[in-house]
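1. Quick check, what structure comes out for this input:
(chains A and B)
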Amino acid sequence: MKLFLRWIGAAAGLIAATTLASAQESTGLLVYNAQHVSLTQEWAAQFTKETGIKVTLRNGGDTELGNQIVQEGNKSPADLFLTENSPAISLVDSAGLLAPLDPQTLALVPDAYRPASGRWIGIAARSTVFAYNTTSLKPDDLPKSLLDLADPKWKGRWAASPNGADFQAIVSALLELKGEDVTAKWLKGMKENVKPFQGNNAAMKGVNTGQVEGAVIYHYYYFGDQAKTGENSQKVGLHYFRNQDPGAFVSVSGGGVLASSKKKEQAQAFVTWIVGKGGQSILRTGTSFEYAVGKGEASHPRLPPLVDLMAPLVEATKLNSRKVTELMISAGLL
Amino acid sequence: MTASVQETGHGAGQPRFAVFPSRRPGSVGPGMSGAALLVTLGACLPIGFIVWVAIQSGWPLVWALVFRPRVGELLVNTLLLVAFTLPLCILFSVGLAWITERSNLPGARIWSWLVVAPLAIPAFVHSYAWVSFIPSLNGLFAAVLVSTLAYVPFLYLPVAATLRRLDPSLEEAAASLGHAPLAVFIKVVVPQLRLAICGGGLLVALHLLAEFGLYVMVRFDTFTTAIVAQFQSAYNGPAANMLAGVLALCCFTFLGLEILLRGRERYARVGSGVARSLPAAPLRVWTAPALAFCAGWVALAVGVPIVTLFGWLLHGGTSVWNAGEIAPAVFETLLFAGVGAVLATLSALPIAWLSIRAPGPVQRVIEGLNYAVGSLPGVVVALSLVTITVRIAMPLYQTVVTVLLAYVLLFLPRAIVSLRASLAQAPVELEQAAASLGRSPLNALWTVTVRLAAPGAAAGMALVALGIVNELTATQMLAPNGARTLATAFWAHSSELDYAAAAPYALLMIILSLPLTGLLHAQTRRRAAP
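-> Numbers count the residues shown, from 1 in each chain, chains lettered A, B, ... in the order given. You can find the predicted model right below:
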């Protein structure tokens, strides 16, 4: 028995030592970050520089982290949640896990980019596009609507990243705009037609190398690559669906403070900083190429103005991520 | 999982000094049994949880989630992958092993090292190299190509070891009875390779089921990639758990198949004296083709990854060597690998001890369970640990403890096999003598047996550490907030298609793995020495 105890003691001691060795001094604010890591890192670094508040990121996908917070419930270690799209943060909000934001913070962003509840706020926005290979598709061949892509004539010709929250947000907009029957039917057609890629970047690269003729992705992948070497987008053109088409959906990235956070004030300060001058100017001058949403804040000059994109009116809080996952599972896409 | 590589030595009659299943140094027995049971209970957690989730979800939901076309697709994909890759791996490994071990190929020793070298390159780095080499590479063909290149060493090692050890008299007898050389090879040599091929083949099959990064990069969906996709879109929902259940069943099927195919024949040489070493077969006019074959293989399996990697490093220049990001990743990786290796060895000790000093039906079940769990992919183990910690063990949630536990579960068999082999060679009489001279049983165990088993334990630790350095899926799902290992940092950069920024991490993983791979190679050769 003594041996048994000693054996357990050795194991426990080792684990304790490792925990100590790997524990950072203090993590500061813990952000569950589903936004692009490079963007949030830029935000966090500048915020820490200005305020001295340390920020640690746990990176993941929208729905992964959203569902994770819901499971963690009020024991969640997270202080803040930043998403790429709104369905995941709506999910957390409807589970009653977000704290109300200060009215002064809310006032920094127009009504269109935040829910009436005031428990989360738009931090950036992105537009759906059809990225196409300019040598294999001419402007006349482009689809008029997102719905066209379920047509058999598009079989094997287009790509998407169905595992990603970005694409799932687009589907949630379709669901909200056209209803369950149309969406289920469209997804079935999509399953026949689509070449699935892991990630929008990979899908765009597939368009560029001619593996597919087009891809349903967000706009900024193209601009980001162009700003770097352009090696993955030389032969890529962007087609905006416009006309309030489901394919013209503009998705709002959300930020919110967890009701269970013990550092609410600091967390609130970070959200305010992101939607204020500091955070929004990083959107304008940085390499993220997402749209700025703060009142009076301009987006990057290379982007077509947001108002020209004729996005459909979709209420962010109505986007239903769980229903979308369900429909995509039954269509065999997940 | 290199476990079975070494285990193959087993059938060939390893010396076992512990002739009598003595429970005599008795008083450590209950402690050891208790510890072994504890480890095994821990090891059964993942399976237990999948079953628990299934029960909780209810039969109709399980039915709807398991019996659907998507699962069929994944099953077909996974089986096709195994059906193409495994025979190719066997073919190439036997060919390469014969050329490097049995022929008079110039520089055979060096070729043998080069054939094993791909083992130091993580599978997802292999495919990273291939997709940047040929950007349009994708689908089943790409998956089979890259997996074959990455996993041949798993079969090559045991096959080469067995070939070195064969008694030439059998082959000579067959030849003297009028068989042509090729017929001798097929009728006499190949059957003797059966254990090595079964063990190595199982290892390759389990890797094919468990690998994530490789298949994502070449856009080939398997169960593992689909589970990760489910996890990313719904966290640990029942859909992911049910896919994990099907995947676990696949693993167990392969485990069972291997036991069936391995058979019960004896391959030990009987008779007095030691077998002569084999004369090398002269290649003559075949020298040039054989050299070309080896060179071609090495060019594909080592050349392509290394050349592309250095291409990216050149392209990235000095700006990708961001010390502020790389140094912590190296630290975390070494910490996880070091501590994980020690913990796995500590956990293996009671199980290995029981299997040598007190074998019996219960002990066999305990050991078998641990191998079964060790065959589970990282994604399955991680998924269950996430669920367990978030639901009932919140204080352990997102802590280093959970990651280490996952490593122990995943790599326990490696530690058990190495430890068992060297415990078997530590005579129980020495321990008894120490006890009779007045040491307490515990003291005798620590000062005599454990010390004698140290080399085996060290080899086991090296194998576990190698596994941890290259582990991606479980680490990604379980790592504490802010922690980044070389593998997860590599993956984060390469998923954003920033291949240049990912290159330093790949290089560092290879540098860390090389000495461990070398050790493995040397060890297999030494064991195989006539």
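2. give me the element the residue nearest to B:Ala500 when sequence neighbours are not counted is part of.
-> Computed as C-beta to C-beta, 6 or more residues apart in numbering or on different chains, the closest residue to B:Ala500 that is not its neighbour in sequence is B:Gly316, at 3.3 Å. Yep, even glycine has a C-beta here, placed from its N, CA and C like the rest. According to DSSP states H and E, B:Gly316 maps onto helix B:304-316.
3. can you list the weak-confidence ranges in chain B?
-> Applying pLDDT under 70 to chain B flags the ranges B:1-27, B:236, B:266, B:269-274, B:526-530.
4. Tell me which helix or strand comes right after the lengthiest helix in chain A.
-> Determined from DSSP state H, the single longest helix within chain A is helix A:165-193. Scanning forward in sequence from helix A:165-193 by DSSP H and E, the next helix or strand is strand A:194-196.
5. what are the ranges of the strands in the chain?
-> Went with chain A since none was named. A:29-33, A:55-59, A:80-82, A:121-133, A:158-160, A:194-196, A:214-218, A:236-239, A:250-257 (DSSP state E).
6. Hmm, no, I was thinking of chain B.
-> Under DSSP E, chain B gives no strands.
7. returning to what we had before: tell me the helices and strands packed up against the helix holding B:Gly316.
-> helix B:123-133, helix B:499-528 (3 or more C-beta pairs under 8 Å, 6 or more residues apart in numbering or on different chains; DSSP states H and E).
8. buried stuff in the last one?
-> Neighbour-count burial for helix B:499-528 flags B:499-510, B:512-513, B:516-518, B:520-521, B:523-525, B:527-528 (criterion: 16 or more other C-beta atoms under 10 Å in any protein chain shown).
9. Compute the inter-axis angle for it and helix B:123-133.
-> Orientation note: helix B:499-528 sits at an angle of 130 degrees relative to helix B:123-133 (axes from the mean of the first three to the mean of the last three C-alpha atoms, to 10 degrees).
10. gap between helix B:499-528 and the chain center?
-> On the basis of C-alpha atoms, centre = their mean, to the nearest Å, helix B:499-528 sits 14 Å off its chain's mean C-alpha point.
11. what's the angle from that helix to helix B:304-316?
-> 150 degrees.
12. What's the local residue count around residue 75?
-> Went with chain A since none was named. For A:Lys75, the neighbour count with other C-beta atoms under 10 Å in any protein chain shown is 11.
13. that answer is for a different chain, and I need it for chain B
-> B:Leu75 has 15 nearby residues by other C-beta under 10 Å.
14. go on, B:Ala299?
-> For B:Ala299, using other C-beta under 10 Å, the count is 12.
15. Please apply the same query to B:Leu105.
-> 23.
16. same thing with A:Gly199?
-> 18.
17. so who does it touch?
-> A:161, A:164, B:495, B:497 (C-beta atoms under 8 Å, 6 or more residues apart in numbering or on different chains).
18. any idea how far A:Lys155 is from it?
-> 23 Å (C-beta to C-beta, to the nearest Å).
19. just to revisit the earlier point, which of the contacts of A:Gly199 tops the neighbour count?
-> Neighbour max across those (other C-beta under 10 Å) = A:Gly164, 25 neighbours.
20. Got phi/psi on it?
-> phi -80, psi 150 (degrees, to the nearest 10).
21. Get me the contact residues on the stretch 201-350 of chain B for chain A.
-> Counting by C-beta under 8 Å from any C-beta of the partner chain, the residues of the stretch 201-350 of chain B close to chain A are B:216, B:219, B:221, B:225-226, B:229-237, B:239, B:332, B:335, B:339, B:342-343, B:346-347, B:349-350.
22. quick one, helices of chain A?
-> Counting by DSSP H, the helices of chain A are A:2-22, A:37-51, A:62-72, A:86-94, A:103-106, A:165-193, A:200-208, A:220-227, A:264-275, A:277-285, A:321-330.
23. Count the residues that sit near residue 320.
-> Since no chain was named, I'll use chain A. 18.
24. that's the wrong chain, I wanted chain B
-> B:Val320: 20 neighbours (other C-beta under 10 Å).
25. That one: what's it in contact with?
-> Taking C-beta under 8 Å, 6+ apart as the test, what B:Val320 contacts is B:313, B:500-501, B:503-504.
26. and B:Ser233, how many neighbours?
-> Neighbours of B:Ser233 (other C-beta under 10 Å): 29.
27. which non-adjacent residue is nearest it?
-> Nearest non-adjacent residue to B:Ser233 (C-beta to C-beta, 6+ apart): A:Thr63, at 4.8 Å.
28. Same question for A:Ile329.
-> B:Ala239 (6.1 Å).
29. what's the answer for B:Gly460, then?
-> B:Ser418 (3.1 Å).
30. quick one: contacts of stretch A:233-245?
-> Counting by C-beta under 8 Å, 6+ apart, A:127-135, A:137, A:139, A:142-147, A:204, A:207-208, A:210, A:214, A:219, A:221-222, A:225-226, A:247-248, A:304, A:309-313 sit against stretch A:233-245.
31. chain center to it: distance?
-> Counting by C-alpha atoms, centre = their mean, stretch A:233-245 comes out at 19 Å from the chain centroid.
32. Buried ones in it, by neighbour count?
-> Those would be A:233, A:236-241, A:245, for stretch A:233-245 by 16+ other C-beta under 10 Å.
33. Taking those residues, tell me the two that lie furthest apart.
-> A:Ser233 and A:Asp245 (23.1 Å; C-beta to C-beta).
34. what sits against residue 325?
-> Answering for chain A, as no chain was given. A:63, A:168, A:334, B:233-234, B:237.
35. right idea, wrong chain: chain B
-> Per C-beta under 8 Å, 6+ apart, neighbours of B:Glu325: B:484, B:489.
36. do the one 3 residues further on as well
-> For B:Pro328, the contacting residues are B:Arg484, by C-beta under 8 Å, 6+ apart.
37. can you pull the alpha-carbon coordinates of the helix holding B:Gly316 into PDB?
-> Taking C-alpha atoms only, helix B:304-316 is exported to PDB below (Å, rounded to 0.1, in the frame of the first residue of the first chain):
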ATOM      1  CA  VAL B 304      10.300  16.700 -51.100                       C
ATOM      2  CA  PRO B 305       9.400  17.700 -47.500                       C
ATOM      3  CA  ILE B 306      12.900  19.000 -46.700                       C
ATOM      4  CA  VAL B 307      13.300  20.900 -50.000                       C
ATOM      5  CA  THR B 308       9.900  22.500 -49.800                       C
ATOM      6  CA  LEU B 309      10.400  23.300 -46.100                       C
ATOM      7  CA  PHE B 310      13.700  25.100 -46.900                       C
ATOM      8  CA  GLY B 311      12.000  26.800 -49.800                       C
ATOM      9  CA  TRP B 312       9.500  28.300 -47.400                       C
ATOM     10  CA  LEU B 313      12.200  29.200 -44.900                       C
ATOM     11  CA  LEU B 314      14.100  31.100 -47.600                       C
ATOM     12  CA  HIS B 315      11.000  32.700 -48.800                       C
ATOM     13  CA  GLY B 316      10.100  33.800 -45.300                       C
END
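38. Good, we can wrap up now.
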